[in-house]
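A.B. asks: Sequence first, then the predicted structure, then my questions.
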Amino acid sequence: MCTSHAMVVGRDYRHLLQLKKKPDEEKELLTPFHRSSTSRLRSSDTTNTHPSMSTTRNELIEPTQVRATTAKCRETVEFSKESKKEIRLDRFGAVACLTIDRLGLQQMIESNTRAPFSGLSPSSGRPQASEDEEEAANKGVKSTAVVKYSSVNSLANFSRLRCNTDLNMPPSNWLSSSAGLYGLQQVATHSTGFSSFRMAHMFPDCVGEVDVVSDAENIKKLLKIPYSKGPVSMMIHCVENTLLIDEFDIHKHLLCTSESEWAWLRQFFFNHVRHTLGDKEKCVSTKNKSRCALQQRSLVSKFLYHSLAEPESATHPQTKESLSDEHTSDAHTAMVGPPLPEPTLEEKLPDPTFNHKFARNVVWTFEDIQMLIGTDMPIFGGQTHPCISLRLRDMSKPINVLTGIDYWLDNLMCNVPEVVMCYHLDGIVQKYELIKTEDLPHLEDSKFSPKVIRDVAQNILSFLKSNATKAGHTYWLFKGKDDDVVKLYDLTSLCTDVMKDKDENPFTVPVAMLLYRVARNMKHSSESRRQHGTILMLLKNCLSLLNKEKYPQIVTSAHYMLSDLYLPAGTDPSTPELQEEEEGGEYEGVQPPPPLSNDIKERCLSSLNHVLAGLHCLPYFPDDRVQETDDQTSQKEEVPKMARPFQAIPMPYSPLQEPSGAELCKARSDDTASWKVHLNTLLLEKACLVYATLTEQRYSAGNYGSALRAICMVVRCHYVTSTGLLGYMLGRAGDACFRVVQHWTRVEEIREEYSRVSETDRDILLHLGQDQGPCQLIPEHILTMEQMLEASRECYLQALALEKPNTNLWRRLGNIENELGVLYMNQAAMINSENCIFKKRVQTLSADILSEATQDTVPQTLSHNSEEDETEASTQIEQADNEYGKVQAATSNSSELIQLFQNSLKHLESGILAFRKVQDQGNLSLLHSNIGRLMRLSAHSHSPHSDTRTNFGGMERHLYNKALSSYRTALQVLGHRRNNPAIWDTVTWELSTTLYSMATLLQDYPDLTNKTSEEAEREVVELFMKALKFCDMDTSSPRQLVYQFRAAKIHHCLGSLYHKTFRVLDLDDSRRKNVLQLTRLHYDKSSSLLARLEETQEFLTVQLERVALQEFLLDNASSFSGKVKLLHSIILLLLECAPLLQVLEGRNKVLKVQDIPGTSEGDQSNCNSAEELEQELPLLRLLQQRLQFCLRSLAKLHSGRSRAESAAKVYKEMYSLSLQSSSEQPTSLVSHLIQLLSSVQTILSEKLNVSIQAHSPR
């Protein structure tokens, strides 16, 4: 339902506008006007200065006094008691109506309430003003003009004509090309067509900044509406915050054209608009083309050419048409960013055949209204008056108000300070008069108020901006002749049913193209950051007006700009810094455009949607190249190639260097195929950037499956277009694959993310002509960790091939090579452990079968077996077959094991090369350490079973030596512990472990083929001492306890080694005493460290070995005192076990508490399991036996001696105590031993006065 608004232009200084509503009509709608930022009405500046009107306030009728009615109702408008006029609006009424108050304006003019001057000069007949009054008038209206473009570099030289010069005679230079360069050719006739579109395309930066773009004649006609009764017909379009105003000749376009042209508007005009006109108004007025009018125009043209002085030099003024052409046609090449298609001339303009260029384009600021106008007014200059305008006046006719307003506005628009009036009679020059521009409103018979003109301009602009607000809509501002109402029709809304296609409106496509060019200009301007919302609104309005099938280039380009608006081309995917739209611009009365979202994911998806929409437009590009090729082929077939005389034969030429994309698009701007390829490339590059940004966002969020899917899209887009993101994305793909391995517990979730393909992705793949199959480097399905690590490695290698030397990429490659090496190493270790278990089972099974085969009763037993026995026998046979099959499988795994070792070594060595390129000493050391670990594992796989081992040598020892070499290299790379203490400690521990393992193997399985036993022993000692050197027991690091335990074990091994050597030495050997000292020294250090660490099992083992050493010495002792002393030393060693037995008893109590139902678990790190207790049971029994042996031996030694009978009884008593325990349980035995040792110590000290003190753990 259409509504109609009414507004008053002009001023009624005594009455207000009154609207009366009939009670039987529909309810009225009150619609206040919205004032734009550039149309603020200031009533404070319009006070009356005439004494007789001092009590009357000059006010423009406020918008709140304007009422709108529905289309069906009728309103009666009362202007005053003296004049009433009824306005009827039918149901197809205008969107808004502007009512003209002529009565108040006429009364103001007649009473001179706005003219502050009084009196006329007797000589000139012009009003004379005082200085104060003139200054007040100048302050009343502000006007500035800035020339944007002028067709001439210099003004026309003014030549004053002599009196009685006959202007009817044409001058010699009349209509000449040289004189026409001063802009005189447009004086005779003025027809500019729809010039606002042409100006807007010439200066797209002004659109949105100025309020109006129009021809100067249209602006003058609008400002003269309160003074003129002539018709008004103008087309108005809203582009951003700017109104485009063009004159619309009804007679020319609707009455003098074929029925097919403007049919929709013609039907609307005759059916709905013409009925609202009066009888006199129904006759549409045309432009005055009478003979008298033509003669007058010709006379003015001849006058101007007469007034043109000959230039001093022969050179003519240079035009700036080339500048204009360059500005309009090559504007897109000066922009920052990729070249984009330019609309054709037919698409830009509603009337492309009409080519009128104004003499100058000016940005005119009238008060606070800015207008981009085109004017053809000739401007002259001279020595005394450098800038003047010429006017020809007939002395027999007085000047009227409309002419005075014309002269005044023309001078203001061109910033001309003076006008020269030339008076004539029948074409004969009579006199000249120089008038200043500010004096024009005060001429006799043409007085008008500049402030009224100002208020009219502000009021009209406010009216238009408040109602013509829809972008892409065509508005028609219409007023019939002698009509007091100006109506504004929304033709786009009213004629929707009449138009079969929206393109029937000749303004639709030009408006869309202008929206496109303005948005493109804004986007590439320096202030685009403040205008993101505006650009978005412009492009969306443009797309809503264009059909992608008819204009695929512009629609595709608009979609690309929208995608680039959401995600700019220079965005770094790793750290996308999205520019937040700054607050700027004023949108008073208009809803501001919505700002862009700051959510990176939302903006990426929006950008991707526009990329896809742009790709969907590419199939609609016409294939001109194929048609041209077909036409040329047919022409070649029809016309044979014939040589022509006096014409050179053309030689083929091809440039040495292919032109760039921008040059290609500029040189072949009309080549549709080139634009299609170029836009396809831009869209795919944008898709790559969007997917790269999404990859970073998903990767940082831990969505590694989705990140890999986005990387796959980048790789697939790269097949068609080459971008600089591929290397970076392949590096990120390697990271994502590695993260999948690190988060293998979430592998099912990651697989589901990776397999999810959105509809947008499918459509882009369909455009690329690719299926959803696997892309290179990245696997199609996530299966194993090995697969993902290998994929990560390949991605890093490919990224390094594409990227410049990248330290970070080399480190990541080295890390993934290390991970692969460790993975294969762990797999080999698992297979090796399984082989060892299977070999042990086979040996056990073979031994059982062999023992059963040697028994003679086996055949007899089998012959008398029952069915149950046969079943049991068959089960055993099947079990044996299964074990044999496992052994065969383990044997077949040997080749796989070798392959795993080789793969691990290959990747570790590749990792070393990668870290060596970036001088990463820490990681280099770790990889050398891992190679040492691999060598140890390989050596372990080559070691024979303990039952068949004879010595430590061959390949096993060779691999251990390689491990030592790798560990030493790792330490050499680091140089010193202070460079990297953590890695240094790790490598030294691994080196110590290797030395310890080699020493124990050499100790257990010495190679005596090429060495003596002394040399073998020396080698073992040397290895143990080297391993001991790397055990820093004084460190404060967490490794202190591990170092102490390792040192205790080394001392234990050295003590055992010297103990064994001591046993085989002859009694007269000179080394015997030294070896005994070394044995005791290492045993003492080992027991001290083990006691401090509370390692009960190892401590008991060392103490019992020390007891064995003392017993060996006891066997060789001959004297009574020597034997007693040795037996007492054994008891002392056994008593030293008491503190550790108490520790063991405390652990047993903790285990018992944990076994009670309902109790919480304790600290398992300080508790031995039941299995460990079972392992310690033989040691406890041996300790009890050794104590019983010592007590029994002491009782025997003291028996039969008269002086030692009491001592013998005491030893017998203690021996009897040791025999009282009969429990085999570990806990009971431990408690018995603690009591026994305590009793023995007490009895010895109290009854025998033997000072035997047990040492506490140190």
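C.D. replies: On my side now, so go ahead.
A.B. asks: mind listing what's buried in stretch 417-425?
C.D. replies: Residues 418, 419, 420, 421, 422, 423, 424 are the ones in stretch 417-425 that count as buried (16 or more other CB atoms under 10 Å). Where you see a C-beta, it was placed from the backbone N, CA and C, and this is true even at glycine.
A.B. asks: as a whole number, average confidence for the helix or strand where the fifth one lies?
C.D. replies: It stands for residue 422. Taking DSSP states H and E as the criterion, residue 422 maps to strand 418-425. Per-residue pLDDT over strand 418-425 has a mean of 93.
A.B. asks: can you check stretch 763-770 too?
C.D. replies: 84.
A.B. asks: Find me the pLDDT at the residue nearest to residue 1006 when sequence neighbours are not counted, would you?
C.D. replies: Leaving aside its chain neighbours, residue 1006 sits nearest to residue 1016 (4.2 Å; criterion: CB to CB, 6 or more residues apart in numbering). Residue 1016 is assigned 88 on the pLDDT scale.
A.B. asks: And for the helix or strand that residue 1016 is a member of, what's in contact with it?
C.D. replies: Element membership for residue 1016, per DSSP H and E: helix 1013-1029. Residues from elsewhere that reach helix 1013-1029 (CB atoms under 8 Å, 6 or more residues apart in numbering): 992-993, 995-996, 998-999, 1002-1003, 1006-1008, 1011, 1046-1047, 1050-1051, 1053-1054, 1057, 1061.
A.B. asks: returning to what we had before: the helix or strand following the strand holding residue 422 packs against which elements?
C.D. replies: Using DSSP H and E, the helix or strand that directly follows strand 418-425 along the chain is strand 428-436. Strand 428-436 sits against strand 418-425, with contacts defined as 3 or more CB pairs under 8 Å, 6 or more residues apart in numbering; DSSP states H and E.
A.B. asks: now the helices for the stretch 551-700 of the chain?
C.D. replies: Under the criterion DSSP state H, counting those that start in this stretch, the stretch 551-700 of the chain contains helices at 552-566, 600-617, 624-638, 661-667, 672-700.
A.B. asks: Which parts of the stretch 401-550 of the chain are strands?
C.D. replies: Ranges of strands in the stretch 401-550 of the chain, per DSSP state E, counting those that start in this stretch, are 418-425, 428-436, 474-479, 485-490.
A.B. asks: Just name the most buried of the ones you listed.
C.D. replies: Compared across the strands of the stretch 401-550 of the chain, strand 474-479 shows the largest average neighbour count, a mean of 25 (mean count of other CB atoms under 10 Å).
A.B. asks: Who are the packing partners of that strand?
C.D. replies: Against strand 474-479 (3+ CB pairs under 8 Å, 6+ apart) you get strand 232-239, helix 450-467, strand 485-490, helix 491-494.
A.B. asks: For residue 457, list the residues it contacts.
C.D. replies: Residue 457 neighbours (CB under 8 Å, 6+ apart): 222, 223, 366, 367, 369.
A.B. asks: Just give me the neighbour total for the third one.
C.D. replies: This means residue 366. 25 (other CB atoms under 10 Å).
A.B. asks: quick one: the closest residue to it other than its chain neighbours from residue 453, how far?
C.D. replies: Nearest residue to residue 366, sequence neighbours excluded (CB to CB, 6+ apart): residue 143, at 5.5 Å. Per CB to CB, to the nearest Å, residue 143 is found 10 Å from residue 453.
A.B. asks: between these two, who's got more neighbours?
C.D. replies: residue 453 (23 against 18).
A.B. asks: Check the gap between the more buried one and residue 954 for me.
C.D. replies: Residue 453 sits 114 Å away from residue 954, going by CB to CB.
A.B. asks: these two touch, right, residue 996 and residue 1050?
C.D. replies: Yes - with contacts counted by CB atoms under 8 Å, residue 996 reaches residue 1050, the gap being 6.5 Å.
A.B. asks: Which one's more surrounded, those two?
C.D. replies: The residue with more neighbours, out of residue 996 and residue 1050, is residue 1050; 26 against 21, by other CB under 10 Å.
A.B. asks: In what element of secondary structure is that one found?
C.D. replies: In the assignment (DSSP H and E), residue 1050 maps to helix 1040-1064.
A.B. asks: helices or strands next to that helix in the packing?
C.D. replies: Against helix 1040-1064 (3+ CB pairs under 8 Å, 6+ apart) you get helix 981-1004, helix 1013-1029, helix 1072-1093, helix 1096-1116.
A.B. asks: List the buried residues in that helix.
C.D. replies: Neighbour-count burial for helix 1040-1064, with 16+ other CB under 10 Å as criterion, is recorded at 1043-1059, 1061-1062.
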